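Asker: Fold the following, please.
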Amino acid sequence: MAPASSSPTGSDHLRLSTWLRVSWSRSRQALGDDDRPNAAYVERSTTDTVLERAARSVLPALAADIENEPVSLILTESNGIVLSRTAGDSTLLTALDRVDLAPGFRYAETQVGTNGIGTALEVGRPLLVDGDQHFSGPLRSFSCAGAPVTHPITGAILGVVDLTTAAQNSNTLLLSFATLAAARLRERMLDDATEPDRAIFSAYRSACRRSSRPVVAVGDEVVMMNSLTRQQFDSPDQMAILERTRDIGGETKPITILTDLPSGTVVRLSYEPTFTGDRLAGGIVRITKQVASPSFSIPKVNASTPPSIAGTSPLWRHTVHSVVEACRRQDWLVVDGEPGVGKTALIRAAHQLVPNRRLAVLDAGELGGDDLLTQVSVELGSGSDLAILHAHAMSEAHLAALADLLQGPHAQEPPLRPWVALTRYPQDSTDTSSLLRMFPKSVTVPPLRHHLDDIPDLVRSLLDTLGATGLTLAPAASNQLARLAWRGNVTQLKKVLEDTYRRRRSGIVELDTLPPACRSIHAER
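Answerer: Numbering: from 1, shown residues only. Prediction:
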């Protein structure tokens with residue numbers, strides 16, 4: 001059905017129609033003709049963000065103001081994931097549960113179409129979505145007023161305050177109250193802003209005025225990027241830049257590094273620290289594009305190549321190429337990414353393409369710091385290349401000792417210099433800055449959910465590795481796997497296929513014979 005227009009006339013009506021029409025267009029592009037899309041449930045680790053701290057002080061009083069009204073006060077993150085839901089009578093809360101408008105569920109436009117939360121995030125301003133203006137049929141019985149909550153210093157959108165009620169109870173006061181709540185949250189965050197945060201913001205504004213280049217700032221509580229950064233780099237590239245910026249954010253001296261981005265662009269990150277008194281507040285990074293990586297073909301490999309090499313999506317092919325080229329050129333490399341994405345397998349696969357060199361794989365998480373350092377010394381003495389896994393598991397003292405141990409080998413020129421690769425988790429806060437100067441290249445292995453097009457290739461490769469050469473997936477089963485979030489990445493996919501193979505040795509796996517956890521679109525969300 002076409003979205004209903006609202007009561008305003010003239011220019012207000014035109015503006016309303018425009019954002020609503022554009023929102024429905026985005027929703028159709030993301031969801032097709034699905035009139036009953038489902039919100040995804042996302043597991044969140046315990047956090048203590050600046051938004052959540054402000055909410056603990058502000059929202060209880062606001063909720064008390066509407067406790068006798070048939071309205072629910074909802075707070076979400078900037079990705080649309082619901083953090084809290086307060087107030088509202090039991091009938092309303094039951095109705096909200098039926099449409100998964102509850103903590104943990106994601107109400108982005110890409111999940112449920114036009115709605116007060118996701119559309120406010122897309123538009124970047126307060127708005128009211130009434131009844132039939134919702135894209136999803138089940139949501140048309142509600143009216144939702146959403147107001148973005150912006151950081152008082154950086155201006156970044158941190159989340160949305162949303163008021164939801166039954167459609168017949170809608171009125172303009174919903175939007176006024178949501179806007180007031182967002183303002184109260186901003187005021188609270190400003191009161192709580194630290195002196196380092198203020199210092200990094202001042203340095204960021206100064207850098208943006210003086211530079212015509214993309215600029216990123218990182219502090220203890222804030223991360224900022226200017227409009228040039230957003231214009232010149234797409235979302236995966238921005239994520240890679242921010243991850244690498246956080247890596248060098250603890251440096252107390254200026255540093256410049258090169259890093260490959262998922263798009264194939266190579267950038268130079270020039271970092272300058274910012275201080276408040278003697279305390280490091282964070283740093284400013286100016287970004288300069290280098291020559292883009294050339295197009296490439298994944299080399300042919302033999303049957304012993306690990307299954308992580310499977311896949312043909314542009315993002316995955318670029319990642320493979322970056323690791324292969326670093327290994328071939330003996331450029332020391334940091335390989336980061338979520339658990340289970342295939343960092344170790346990718347390093348092994350890349351190294352197998354280079355003849356007459358031995359790779360020693362040492363796991364810092366298993367060996368412990370002292371034993372790891374001993375093994376590193378032994379392997380370096382034997383002329384081996386090194387893959388040091390889970391560097392984030394090492395203490396700062398052991399990281400510093402590892403840096404000292406690698407100084408001599410790093411000073412050698414190829415081919416005498418060994419190749420060394422480190423793996424770690426990008427979200428880990430362990431300080432590895434003492435090693436960064438020796439590892440000028442960084443590659444982030446993307447999570448499986450970012451290259452779902454590779455699932456058919458991965459499934460075939462993993463099944464062959466398991467010995468299940470006579471087992472195939474029906475198109476419906478394969479499509480279902482491509483709909484899941486795969487929080488455990490390739491490791492999780494392998495376990496699913498192992499479970500499938502235990503129950504069926506050959507033939508075609510239909511949708512209804514997949515493991516039960518894979519038959520719901522909410523699986524592992």
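Asker: need the contact list for L139.
Answerer: With contact taken as CB atoms under 8 Å, 6 or more residues apart in numbering, L139 is in contact with V99, V112, G113, N115. To be clear about C-beta, it is placed using only N, CA and C from the backbone, and glycine gets the same treatment.
Asker: burial measure for the nearest residue to the third one once chain neighbours are set aside, as a count.
Answerer: Taking CB to CB, 6 or more residues apart in numbering, and ignoring the residues beside it in sequence, G113 has F135 as its nearest neighbour in space, at 2.6 Å. If you count neighbours by other CB atoms under 10 Å, F135 ends up with 28.
Asker: Show the model's pLDDT score for F135.
Answerer: At F135, the pLDDT value in this model is 93.
Asker: That one: what secondary structure?
Answerer: For F135, the assignment made with DSSP: H, G, I helix; E, B strand; the rest coil gives coil.
Asker: Need the phi and psi values for it.
Answerer: Note on F135: backbone dihedrals following degrees, to the nearest 10 are phi -70, psi -40.
Asker: do the same with the one 3 residues further on
Answerer: In this entry, P138 is assigned phi and psi values of phi -60, psi -20 (degrees, to the nearest 10).
Asker: any idea how far it lies from N169?
Answerer: 17 Å (CB to CB, to the nearest Å).
Asker: These two - which one has more neighbours?
Answerer: P138 (17 against 13).
Asker: Skipping adjacent residues, who's closest to that one in space?
Answerer: V99 (5.0 Å).
Asker: The one you found touches G137, doesn't it?
Answerer: No - counting by CB atoms under 8 Å, V99 sits too far from G137 to count as a contact (10.0 Å).
Asker: more neighbours, these two?
Answerer: Neighbour totals were compared for V99 and G137, and V99 leads with 21 against 14 (other CB under 10 Å).
Asker: which ones are touching the more buried one?
Answerer: Counting by CB under 8 Å, 6+ apart, V99 has contacts A39, S136, P138, L139, F142.
Asker: List the contacts of the residue nearest to G113.
Answerer: With contacts defined as CB under 8 Å, 6+ apart, F135 is in contact with P3, S23, W24, S27, R28, L31, P37, E109, V112, G113, T114, N115.
Asker: let's go with 7 Å and repeat that
Answerer: W24, S27, G113, T114 (CB atoms under 7 Å, 6 or more residues apart in numbering).
Asker: Buried residues, stretch 367-377. List them.
Answerer: Buried residues in stretch 367-377, counted by 16 or more other CB atoms under 10 Å: L367, G369, L372, L373, Q375, V376.
Asker: will you turn those residues into a markdown table that also has pLDDT?
Answerer: Listed next are the buried residues of stretch 367-377 as a markdown table, based on pLDDT from 0 to 100:
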| residue | pLDDT |
| --- | --- |
| L367 | 87 |
| G369 | 82 |
| L372 | 92 |
| L373 | 93 |
| Q375 | 93 |
| V376 | 93 |
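Asker: Dump the residues you listed into CSV; add distance to A87 as well.
Answerer: Listed next are those as CSV, based on distance: CB to CB, whole Å:
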residue, distance to A87
L367, 53
G369, 51
L372, 53
L373, 57
Q375, 58
V376, 58
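Asker: What is the nearest of these to T256?
Answerer: Of all those, T256 sits closest to V376, with 27.0 Å by CB to CB.
Asker: ok, the closest one touching L405?
Answerer: Yes - if you go by CB atoms under 7 Å, V376 and L405 touch, sitting 5.8 Å apart.
Asker: Would you map the helices across the stretch 1-150 of the chain?
Answerer: Secondary structure of the stretch 1-150 of the chain (DSSP state H, counting those that start in this stretch): helices at 10-31, 50-65, 90-98, 109-112, 118-123.
Asker: can you redo the ones you listed as CSV with mean pLDDT, mean neighbour count and distance to P355?
Answerer: Listed next are those as CSV, based on pLDDT from 0 to 100; neighbours: other CB atoms under 10 Å; distance: least, CB to CB, whole Å:
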stretch, mean pLDDT, mean neighbour count, distance to P355
helix 10-31, 73, 15, 47
helix 50-65, 91, 17, 52
helix 90-98, 91, 14, 60
helix 109-112, 92, 24, 46
helix 118-123, 93, 25, 51
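Asker: who wins for proximity to L399 among those helices?
Answerer: helix 50-65 (28.8 Å).
Asker: Quick check: the gap between the spatially closest residue to A477 that is not a sequence neighbour and D453.
Answerer: With sequence-adjacent residues excluded and distances taken as CB to CB, 6+ apart, A477 is closest to L511, at 4.8 Å. Per CB to CB, L511 is found 19 Å from D453.
Asker: again, but for N226
Answerer: Taking CB to CB, one finds N226 at 32 Å from D453.
Asker: and the next element down the chain from the strand or helix carrying E366?
Answerer: In this assignment (DSSP states H and E), E366 forms part of helix 364-367. Downstream of helix 364-367, the first helix or strand assigned by DSSP H and E is helix 369-381.
Asker: Kind regards, and thank you for your time.
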